[in-house]
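S.K.: Sequence and computational prediction follow.
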Amino acid sequence: MQWTLHTRATDYVVSLLPDGSGVVLDYWGERTDVEREAWSEPARITGWATPSDSAPLEYASNGQRHTAFSELLVDRGDSRTGASWRVDEAGIAFETGQRGDSLDVPFIDETGTLRLTLHATTSADHDVVRRWITLENSGESAVELPRAFSAGWNVPVGQRVRVDYLAGSWSREFQRRRVDLDWGTFSIGSRQGMTGLAFSPVVTLTALPDIDSFVRPASHAYGVALEWSGSWRLQVDSNQVGQSTRVSCGVDDDTTTITLLAGESFVSPQSAGVFSADGVDGVSQAWHRYQQLALARDLTPWHRPVVYNSWMATTFDVRIDHQLELAGIAADLGVEVFVVDDGWFVGRTSDRAGLGDWTPDPAKFPGGLSALADRVIEKGMRFGLWVEPECVNPDSDLFRQHPDWVYRAEGRPLLSIRNQYVLDLGRQDVVEWVEDVLRTLLTSTPISYIKWDMNRPVTDGGRAGDPHGREWSVQHTRSYYRILRMLRAEFPDVTLEACASGGGRIDNAVLALSDVVWTSDEVGARDRLVIQDGFLSAYPAHVMSSWVSDDLGHRDRSPSSLGYRFAVAMAGVLGIGSDLLAWDAEERDEAGRHVARYKELRNVVHRGTSVTHGRPTDNLYCVEYRGPADDERIVLFVYDRDRDRTRDREQPRVFPTTLDADRRYRVAGSEQVVSGASARGSGVLVPFGFASDADVLVLDPLD
Ligand code: DGJ
């Protein structure tokens, strides 16, 4: 039995092993008319490899494999670890249609009590294949799953592979990193109860030049992502016998054990895989298309408005008169939503107190929060508010009333990070309390934008006596999703910005439940550009919230013009974080012009395709956007690193690649006309009319 799942431009072909013990990959790549042969055991298997170890299994369990890595470990408390499978043919479901395909293949283990179903779906809108598993225990005894990953991906790039990934730390997220794996295992993940700041759950694989003959062209690239916001692990394994490198990913197997009591089931997070014949950039664009069309609820400006956030201007010193002064200027600049960040609620004069007590501080807001919100709305903006609903300060009424509501590893001291504990969202009563807090805020005040923050890892869970106590990171994440879904369902007009000390919880699952993400606490424009460059390799511009700021940043502190800072923020979802009272009339004037320009261009930035040229640390770096079918403008954001152009005899040029080859384009505001072919070959002149160190060029198609 063989099944072909179609994406927009690729085929994903799998078949059932003749003995019905598993599903294997037959083909994953460009769509062709060629019939794919079902995988069969290679004629010569060298060394110790057994047939099941060398098979490109879509999902492998210990007990089925003999020595190779398995996505599933099953522990029944007896001498056998693992499970072996026979297909339940009657339960196979394959649906193929114009809009996409889906496949479910169920298996029963040798005891007849554990059922494993492999799921896969595709869509004709994009090139992503989504895969996950369900495990159901119909037996009478409990089964433990020390590892229950979502999928194994047999990536057909041979065994010498280049892995591009994103690594970082606080204020330095999404740094592009690369490792060349020449047989071995590479593993990234998070044990932070969250996606984490250290790694993003996504990798891109390309073949390295190989001595073997079966390797695909270097332009063939594959991306694999895990759509999960709790602790996770993703492993790239190029050890195995066979012609592919295996990527396995799922809920972290170091800190989490899933328990299935009699009658219980576990549905894993989804994993996503994508192929592109256009190399690493093609994979980025394929992710963007998927995130735009399948994950975002919409791409309208309503859910990605121009933000003013007062955090950097005030920190915890929130005063209504000051906020109103800032709001007045923000409105004049064309800002669409005024967001009050941390510090608005009772007891919150520093990060040491107040978290958990979500009522407006009467000293700061004697007339309540609505007194500010109403005035902001009168000025023509929406009103937004910061919350951190998952955490509590020890110095808060909430903690004094409910000391048992936080995660605590039995017998161990509580761990406070940024002076706060994490609420145990595995408890139904706590989740309901959080939902009620949010409902009360949103119904009592005209708030239409929420910035949901989370400023520490989720640690030290494990409810004593609870058989599911070692699943707290999974439970926490599912409750977080549940609350986000509630917000969407009950308050559809409220825009949600997801944040975790900057970019500590960004992944495709969060993108599906939020509108924008606060990419990083790094607002220095030059450092930010490096972060955005990495971010855009896996995530899209329509979620990339970015503020103009006067802060020079942490690493490259060389100053940049106001125009440069706007050009950095305009390449995503524009916001302003500066102390507007410190800007003089000229700066406000200039800022107002840039906001207006951004509004003219954002349709291209948010709904289009993006590609980066060079590196932000190069002297000239460019981010190119091509608009969607109904707005085929090209927008080029150009950043000049050192402004020393005296050494160039000619004016600088950039070489955009998304123009149609035989079409002509006029560079808006100039006489320059280029064709797609000439732009690729001879480039487009950059006059630096926008700012001395940055330019924003718009290429309008003429025919
Ligand atoms: C961390 C966020 O990333 C910042 O933008 C700000 O909201 C602070 N938390 C407030 O405590």
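M.R.: Now that the structure is in, tell me what you want to look at. Residues are numbered from 1 along each chain as shown.
S.K.: number of nearby residues for the closest residue to the ligand within the stretch 301-450 of the chain?
M.R.: The stretch 301-450 of the chain approaches the ligand most closely through Asp342 (3.5 Å), counting by CB to the nearest ligand atom. The way it works is simple: take the backbone N, C-alpha and C, and place the C-beta from them, glycine included. As a burial measure, Asp342 scores 22 neighbours (other CB atoms under 10 Å).
S.K.: And Glu432, by the same measure?
M.R.: Neighbour number of Glu432 under other CB under 10 Å is 12.
S.K.: Gly47 now?
M.R.: Gly47: 6 neighbours (other CB under 10 Å).
S.K.: From the ligand, how far out is it?
M.R.: Separation of Gly47 from the ligand (CB to the nearest ligand atom, to the nearest Å): 51 Å.
S.K.: in this protein, which residue is closest to the centre?
M.R.: Central residue of the chain (CA atoms, centre = their mean): Asp507, 2.5 Å from the mean position.
S.K.: Name the nearest residue to it, ignoring sequence neighbours.
M.R.: Spatial nearest neighbour of Asp507, chain neighbours left out: Thr195 (4.8 Å); criterion: CB to CB, 6 or more residues apart in numbering.
S.K.: contacting residues around that neighbour?
M.R.: The contact partners of Thr195, taken as CB atoms under 8 Å, 6 or more residues apart in numbering, are Pro201, Trp228, Ser229, Gly230, Trp232, Ala500, Gly504, Arg505, Ile506, Asp507, Val510.
S.K.: Tell me the buried residues within those residues.
M.R.: Pro201, Trp228, Ser229, Gly230, Trp232, Ala500, Gly504, Arg505, Ile506, Asp507, Val510 (16 or more other CB atoms under 10 Å).
S.K.: just checking, the third one is part of a strand?
M.R.: Read it as Ser229. No - secondary structure assignment (DSSP: H, G, I helix; E, B strand; the rest coil) places Ser229 in coil, not in a strand.
S.K.: ok, back up a step: out of the buried ones among the contacts of Thr195, which are inside helices?
M.R.: Val510 (DSSP state H).
S.K.: could I get the buried ones among the contacts of Thr195 as TSV with pLDDT and distance to Arg593?
M.R.: Shown next, in TSV, are the buried ones among the contacts of Thr195 (pLDDT from 0 to 100; distance: CB to CB, whole Å):
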residue	pLDDT	distance to Arg593
Pro201	99	40
Trp228	98	42
Ser229	98	38
Gly230	98	44
Trp232	98	44
Ala500	98	34
Gly504	98	34
Arg505	98	35
Ile506	98	31
Asp507	98	36
Val510	98	34
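S.K.: related to what we said a few turns ago, the residue of the stretch 301-450 of the chain closest to the ligand contacts Trp386, correct?
M.R.: Yes - with contact defined as CB atoms under 8 Å, Asp342 reaches Trp386; the gap is 5.3 Å.
S.K.: Distance check, Asp700 against the ligand.
M.R.: 37 Å.
S.K.: Now do the contacts for the residue nearest to that residue when sequence neighbours are not counted.
M.R.: Leaving aside its sequence neighbours, Asp700 sits nearest to Arg666 (CB to CB, 6+ apart; 5.2 Å). With contact taken as CB under 8 Å, 6+ apart, Arg666 is in contact with Gln672, Val673, Leu699, Asp700, Leu702.
S.K.: how about these in JSON lines, adding secondary structure and neighbour count?
M.R.: Below are these laid out as JSON lines (DSSP: H, G, I helix; E, B strand; the rest coil; neighbours: other CB atoms under 10 Å):
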{"residue": "Gln672", "secondary structure": "coil", "neighbour count": "14"}
{"residue": "Val673", "secondary structure": "strand", "neighbour count": "13"}
{"residue": "Leu699", "secondary structure": "strand", "neighbour count": "27"}
{"residue": "Asp700", "secondary structure": "strand", "neighbour count": "13"}
{"residue": "Leu702", "secondary structure": "coil", "neighbour count": "11"}
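S.K.: Leu398 belongs to a helix?
M.R.: Yes - with three-state DSSP as the criterion, Leu398 is assigned to a helix.
S.K.: Could you verify my assumption that it touches Gly354?
M.R.: No - if you go by CB under 8 Å, Leu398 and Gly354 don't touch, sitting 9.4 Å apart.
S.K.: Which secondary structure state does Tyr290 sit in?
M.R.: Under three-state DSSP, Tyr290 comes out as helix.
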